[in-house]
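Undergrad: output the structure for:
(chains A and B)
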There are 2 protein chains.
Amino acid sequence: MQEIRILPLLGIPEINDGDDIALQIVQAVRKASLVIDPGDVVVVAHKIVSKAEGRVKALSEVKPSSRAQRWANDLGKDPRLVELILRESRRIIRMERGVLISETHQGQICANAGIDLSNTQEEHAVLLPQDPDESARKIREKLKSIVRADVAVIIADSFGRPWRVGQINVAIGVSGMNPLTDHRGTMDSSHRQLRASILASADELAAAAELVMGKTQNIPVALVRGFGYEAKEGTGKALLRPPEEDLFR
Amino acid sequence: MQEIRILPLLGIPEINDGDDIALQIVQAVRKASLVIDPGDVVVVAHKIVSKAEGRVKALSEVKPSSRAQRWANDLGKDPRLVELILRESRRIIRMERGVLISETHQGQICANAGIDLSNTQEEHAVLLPQDPDESARKIREKLKSIVRADVAVIIADSFGRPWRVGQINVAIGVSGMNPLTDHRGTMDSSHRQLRASILASADELAAAAELVMGKTQNIPVALVRGFGYEAKEGTGKALLRPPEEDLFR
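TA: Numbers count the residues shown, from 1 in each chain, chains lettered A, B, ... in the order given. So this is what the prediction gives:
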């Protein structure tokens, strides 16, 4: 069993609407005297993907509906932010104590529909990528066309969780790997037990990458090397539990 | 920003009641021609800790109560397992569709009170360690006394989550580090944004370690090197959200 390395990628510049993320990654990799190896998992913070795709709204241009204004008042939030959360959501899961948790149109269940507020120039809201699996697929194909290596790409965001304090990074978009590792029916060789679990490997890879991304120096891309994923098209959607199998919505 | 390495630790033998986990780790490290460095995070699968602490019950010796028998019938589970789940729980969170989610006496919210079934000889149930923070503290102190290095120790288990498919590893016991990394109020240097998050770093370290632990060859210990945690006594309890701040129990 080999070790896994998590390599932070320094030197990604500020990303703007229309920028080519794959090209920026390749340039940063070269500047850092690294190479992208076949089998690497390239974990990309959703925020730069959203910016490259123009998924940024100036709050000054958002007109809140009367419902958004009423809810904003109850929640103690900016009505323009609540308006955006409602537009980005297909269903409200919980709304109390200043917290608004919804299911987004992408199927993610998270606080504030995954919207981050940014103070870059004026107040902007960074929305989730419209189709994170498609974003991951495009980055993977472009990377392959430039560096000739088959890799997996994960688009990651930090979400809070029920019952536990603190956020952890999860995979909202996946391309190039099976996001799940199925151990059901395999024998645990050293301890002679039948294992019964399916592991969300793409979520664990996103969490691992965050360990080098989340420090004061923000690093929006990390390479995870040595995992040995099952190569396939794969999706982040496969990590979303169908409502009928879920006890908590 | 340096890279992080996740080193699987091969050669941990079958663990039995009374075994010294720290000593087994040091012996496996030496056999693998590795060293434990100061600042390493030693992630230990809870199962070997439970076994070393005698937290294993033969199902044949468990007498189910009439309540356990009734619930087992509703859930389609073994009444002896349900009896153990009830004994290990302070509160039931959800019980439907064959799933029994409870809050354990340790404060963990998970399926089946974190009990794993083992087929080692006859049917055994492996319970969670009674006090995983204390287990982590003891392993850390023993490691320090042998190798003279200050490390952090995480006891990890794989839990399912609401809304998402698959289990991920989380930290149920922590010693030697702050399990949370607080970014509130810090500036994101490359993208000039005020960050607003607290990250559950100990959970992300547990998830990262699982990437080398969870393969067909079961590896119950991994070293995570290069994270740069905030050294302090720390606890896994700090990762448990107080009920009054929780919207999902």
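Undergrad: can you give me the buried ones in stretch A:20-34?
TA: Within stretch A:20-34, the residues that qualify as buried are A:21-22, A:24-26, A:28-29, counting by 16 or more other Cβ atoms under 10 Å in any protein chain shown. The C-beta positions use only the backbone N, C-alpha and C, and glycine is treated the same way.
Undergrad: where do the helices sit along chain A?
TA: Secondary structure of chain A by DSSP state H: the helices cover A:21-31, A:46-52, A:66-75, A:79-87, A:132-147, A:201-213.
Undergrad: can you tell me which of these comes nearest to residue A:94?
TA: Taking Cβ to Cβ, helix A:66-75 is the member of the helices of chain A nearest to residue A:94, at 11.2 Å.
Undergrad: need the contact partners of the closest one.
TA: Helix A:66-75 is contacted from outside by A:64, A:77-83, A:86, A:95, A:98-100, using Cβ atoms under 8 Å, 6 or more residues apart in numbering or on different chains.
Undergrad: that older thread, so which of the helices of chain A is the most surrounded?
TA: Mean neighbours per residue, mean count of other Cβ atoms under 10 Å in any protein chain shown, is largest over the helices of chain A for helix A:201-213, with a mean of 29.
Undergrad: thinking again about what came up before, please convert the helices of chain A to TSV, extending it with distance to residue B:159 and mean pLDDT.
TA: Formatted as TSV, these follow (distance: least, Cβ to Cβ, whole Å; pLDDT from 0 to 100):
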stretch	distance to residue B:159	mean pLDDT
helix A:21-31	33	97
helix A:46-52	24	96
helix A:66-75	29	96
helix A:79-87	28	97
helix A:132-147	24	98
helix A:201-213	12	97
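Undergrad: could you dump those helices to TSV with distance to residue A:11?
TA: What follows is the helices of chain A, written out as TSV (distance: least, Cβ to Cβ, whole Å):
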stretch	distance to residue A:11
helix A:21-31	4
helix A:46-52	13
helix A:66-75	39
helix A:79-87	31
helix A:132-147	16
helix A:201-213	14
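Undergrad: one step back: any chance of the buried residues of stretch A:20-34 in TSV, plus distance to chain B?
TA: Below are the buried residues of stretch A:20-34 laid out as TSV (distance: Cβ to the nearest Cβ, whole Å):
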residue	distance to chain B
A:21	14
A:22	18
A:24	12
A:25	14
A:26	18
A:28	11
A:29	14
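Undergrad: re earlier: which of the contacts of helix A:66-75 are close to chain B?
TA: Filtering those for neighbours of chain B using Cβ under 8 Å from any Cβ of the partner chain leaves residue A:99.
Undergrad: just the closest of the contacts of helix A:66-75 to chain B, please.
TA: residue A:99 (6.4 Å; Cβ to the nearest Cβ).
Undergrad: can you pull the contacts of that closest one?
TA: Taking Cβ under 8 Å, 6+ apart, one finds A:75, A:111, B:247 in contact with residue A:99.
Undergrad: what about 10 Å?
TA: Counting by Cβ atoms under 10 Å, 6 or more residues apart in numbering or on different chains, residue A:99 makes contact with A:75, A:77, A:111-112, A:160, B:245, B:247.
Undergrad: which of the residues you listed count as buried?
TA: A:75, A:77, A:111-112, A:160.
Undergrad: just curious, which of the buried residues of stretch A:20-34 is nearest to residue A:232?
TA: Taking the buried residues of stretch A:20-34 together and measuring to residue A:232 by Cβ to Cβ, the closest member is residue A:22, at 20.1 Å.
Undergrad: isn't that closest one up against residue A:142?
TA: Yes - when contacts are counted by Cβ atoms under 10 Å, residue A:22 is listed as touching residue A:142 (3.4 Å).
Undergrad: for chain A, which helix or strand comes out least confident on mean pLDDT?
TA: strand A:193-194 (a mean of 53; mean pLDDT, DSSP states H and E).
Undergrad: pretty sure residue A:110 contacts residue A:46?
TA: No - contact criterion Cβ under 10 Å: residue A:110 and residue A:46 do not qualify, at 11.1 Å.
Undergrad: which residues do the two both contact?
TA: With Cβ under 10 Å, 6+ apart as the test, residue A:110 and residue A:46 both reach A:128, A:157-158, A:172.
Undergrad: where does chain A dip in pLDDT?
TA: Residues of chain A that meet the criterion pLDDT under 70 lie in A:1, A:119-121, A:185-196, A:215-217.
Undergrad: swap the cut-off to 50 and go again
TA: Low-confidence segments of chain A (pLDDT under 50): A:190.
Undergrad: just the shared contacts of residue A:110 and residue A:46 that are near chain B?
TA: For chain B, the contacts drawn from the shared contacts of residue A:110 and residue A:46 by Cβ under 10 Å from any Cβ of the partner chain are residue A:158.
Undergrad: just the shared contacts of residue A:110 and residue A:46 now: which is nearest residue B:16?
TA: residue A:158 (40.1 Å).
Undergrad: could you list which residues are in contact with that closest one?
TA: Residue A:158 neighbours (Cβ under 10 Å, 6+ apart): A:45-46, A:110, A:114, A:116, A:166-170, A:206-207, A:210, A:213-214, B:183, B:195, B:197-200, B:204.
Undergrad: what pairs with the nearest residue to it once chain neighbours are set aside across the strands?
TA: For residue A:158, ignoring the flanking residues on the chain, the nearest one in space by Cβ to Cβ, 6 or more residues apart in numbering or on different chains is residue A:167 at 4.1 Å. On the basis of DSSP bridges, residue A:167 is bridged to residue B:199.
Undergrad: good, we can wrap up now.
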